[in-house]
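1. predicted structure and sequence below. I'll ask about it afterward.
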Amino acid sequence: MTGKKDLFVPLEPGKVSMYVCGPTVYDTSHIGHARSVVVFDVIFRWLRESGYDVCYVRNFTDVDDKIINRANETGKDPLEISEKYIKEFHNEMDALNVLRPTIEPKATEHISDIIQFIEMLIEKGRAYHVEGSDVFFSIDSFEGYGKLSHRNPDDMIAGARIAVDQNKRNPMDFTLWKPAKPGEPAWESPWGAGRPGWHIECSAMSNRYLGQSFDIHGGGKDLIFPHHENEIAQSEALFGKQFVQYWIHNGFVDINNEKMSKSLGNFTMIKDVLVRYHPEVIRLFLLSKHYRSPIDYNENSMDEVISTLDKIYGFLDRANKAGVPVVSITKNKASFTGISSGDSWAAFKDDMDDDFNSARGIATIFDTVKKGNKILDAVRDYSEKSSVESLSAENIKVLETICFDLQKMGNILGILSQTPGEYFTGKKEAGLADRAIDPKMVDQLVMERTEARKSRNFAKADEIRAMLDSMNIILEDGPGGTTWKFTH
RNA sequence: GGCGGCUUGGCCAAGUGGUAAGGCGACGGCCUGCAAAGCCGUUAUUCUCCGGUUCAAAUCCGGAAGCCGCCUCCA
């Protein structure tokens, strides 16, 4: 509300109530939806990690003009449309390793809450019903209108782009309830059969689950006006107290430096991105910039993030092979009992405590990986046996802490959910499938090269390596033998 | 027209008063038969420009330029 960073103090000690505007389920979700969801997923995870009992509500708008239009276009039932896209949304978010919110309410399941809310607004003189038309919220009845978006209603040229409904007392008044046309989804109400306007559902549902006043409200930047402004007006006009303590708005995802738009035809859907990239690459990318800034989706950036994730898993793999047990914390919490976190985790905590600065958190991950690699390098001479004994007990302990810290950080960002073995095997399989390469053939060539190297026939060895290189395969001669991987 | 934001090395990107994190790339070195990976070092005397405040500014204030978003459905 201040437009600045403020110290976070929840309304109720130890508890956080958070409401985030979810999607209108009329179409496939795009990368921009993914950013919002992933950003708030990390915020949710971090608040929980910080010891708060978090009630996280994210709604589905499942009744709306766009859904009705889509239904008319396809000849399907609106409910069928919304169900289809809710399911799709869930599948994609699961793939992105997004935790389910505490509650995911749907507008259509809260019609009576909405009607009651509107009735109370009318009673208080904050809303009015125009016979044969909509119920409108009267912005003149609410003094603070425009305080979130810093707009003065008088300055806004209402109706500059669309015709103003002549029934409105003030051109800026917005719809709370609108009558249904024949065939449209409708619910009985004191104002006839109809359906809710867009903004009212969030006021009604947040009130239902979080109360008249709650801690955090989030959503995309574009929702600031009019959506969130209108929510404030509705809720504060009715309850007379501050609606939300802290507003969090995430920035947009651009595609090759252009805004996603229908006219440019550059809508980038989550499912398409998931085909191209590992889910954790997508998450890491979405978190590589501060959540408030715009982020640009392009091939170059994605390639960079691939290297990033490879580097982190690469270290875990190295540590694992050197005898430091590495298991995924998300899958195996119990095995981490008894290990305490170290300096790296403390640094990461500072990063995240400062307005959820995931970009800085990722830098801390790099520092941590470097620290670990350094230790492994220092004992490399002894690593030929690649056994636990080659590392001193002290080193193992340090490395254990480093790996534990990394797992904890990964668990907040929603990455490192695989073991390094699973990760690299998965990558290899994806590469093989993409390129239609037979792994047996690769293994055969690698073996031949190993033989050639043994007999010091380096010319032949290099020839084989060049051949594999042309198939985008890179060899790594390590203490445990030669391994290979795809360049991306 | 109104409102808000952004401008940091070749690229990506942290950094809201104390003397420029991190990543990618590039170059040099260690390691290697040669590589790869990893590690070490180098790569912005300077943060779009011009003024001002301050002992001290990328960070605060004023002005200019460029870019972007919102004001209509939009994450």
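-> That came through fine.
2. in the stretch 151-300 of chain A, which spans are strands?
-> A:174-179, A:194-196, A:214-220, A:244-250, A:253-255, A:258-259, A:295-297 (DSSP state E, counting those that start in this stretch).
3. ok, and what's touching stretch A:90-103?
-> Here stretch A:90-103 makes contact (CB atoms under 8 Å, 6 or more residues apart in numbering) with A:20, A:29, A:34, A:37-38, A:41, A:44-45, A:54-58, A:209, A:270-271, A:274, A:279-280, A:282-283, A:414-415, A:417. Every C-beta, even on glycine, is put in place using the N, C-alpha and C of the backbone.
4. select only the buried ones of those in ChimeraX?
-> Restricted to buried positions by 16 or more other CB atoms under 10 Å, the ChimeraX selection for those reads:
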select /A:20,29,34,37,38,41,44,45,54,55,56,57,58,209,270,274,279,280,282,283,414,415,417
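5. could you tell me the least trusted of the strands of the stretch 151-300 of chain A?
-> Comparing mean pLDDT across those, the lowest value falls on strand A:258-259: a mean of 89.
6. roughly how far is that one from the heart of the chain?
-> Its chain's C-alpha centre and that of strand A:258-259 lie 20 Å apart, by CA atoms, centre = their mean, to the nearest Å.
7. for stretch A:425-436, same thing?
-> 26 Å.
8. any part of that stretch near RNA strand B?
-> No - with CB under 7 Å from any atom of the strand as the criterion, RNA strand B is not reached by stretch A:425-436; the gap is at least 13.7 Å.
9. mind listing what's buried in that stretch?
-> Under 16+ other CB under 10 Å, the buried positions of stretch A:425-436 are A:Lys427, A:Lys428, A:Gly431.
10. dump the residue contacts of the first one.
-> With contact taken as CB under 8 Å, 6+ apart, A:Lys427 is in contact with A:His278, A:Lys485, A:Phe486.
11. could you identify which of the residues you listed has the most neighbours?
-> Within the contacts of A:Lys427, most neighbours by other CB atoms under 10 Å means A:His278, with 20 neighbours.
12. so where is the stretch 151-300 of chain A shaky, pLDDT-wise?
-> Under the criterion pLDDT under 70, the flagged ranges of the stretch 151-300 of chain A are A:155-164.
13. now swap in the stretch 351-488 of chain A and tell me
-> Looking at the stretch 351-488 of chain A by pLDDT under 70, you get A:380-390, A:488.
14. repeat that for 50
-> A:382-388 (pLDDT under 50).
15. against A:Ile43, how distant is A:Gln242?
-> 20 Å (CB to CB, to the nearest Å).
16. more neighbours: which of those two?
-> A:Ile43 (25 against 15).
17. spit out the contact partners of the more buried one.
-> A:Met18, A:Ile216, A:Gly218, A:Ile248, A:Phe356.
18. let's see 6 Å
-> Taking CB atoms under 6 Å, 6 or more residues apart in numbering, we find A:Ile43 in contact with A:Phe356.
19. tell me which element it is part of?
-> For A:Ile43, the element it lies in under DSSP states H and E is helix A:31-49.
20. ok, now A:Gln116?
-> helix A:111-123.
21. quick one: buried residues of that helix?
-> Result for helix A:111-123 [16+ other CB under 10 Å]: buried residues A:Ile111, A:Asp113, A:Ile114, A:Ile115, A:Phe117, A:Ile118, A:Glu119, A:Leu121, A:Ile122.
22. look up the closest residue to the first one, ignoring the ones flanking it.
-> Okay, so that is A:Ile111. A:Trp187 (4.7 Å; CB to CB, 6 or more residues apart in numbering).
23. hang on, isn't the one you found packed against A:His110?
-> No - checked against CB atoms under 6 Å, the pair A:Trp187 and A:His110 is beyond contact range at 10.7 Å.
24. comparing these two, which shows the higher neighbour count?
-> A:His110 (21 against 16).
25. burial count for the nearest residue in space to the more buried one that is not next to it in sequence?
-> Closest residue to A:His110 apart from its sequence neighbours, by CB to CB, 6+ apart: A:Met205 at 5.3 Å. When neighbours are defined as other CB under 10 Å, A:Met205 has 22 of them.
26. so what's A:Met205 up against?
-> Applying CB under 6 Å, 6+ apart, the residues contacting A:Met205 are A:Asn59, A:Pro105, A:His110.
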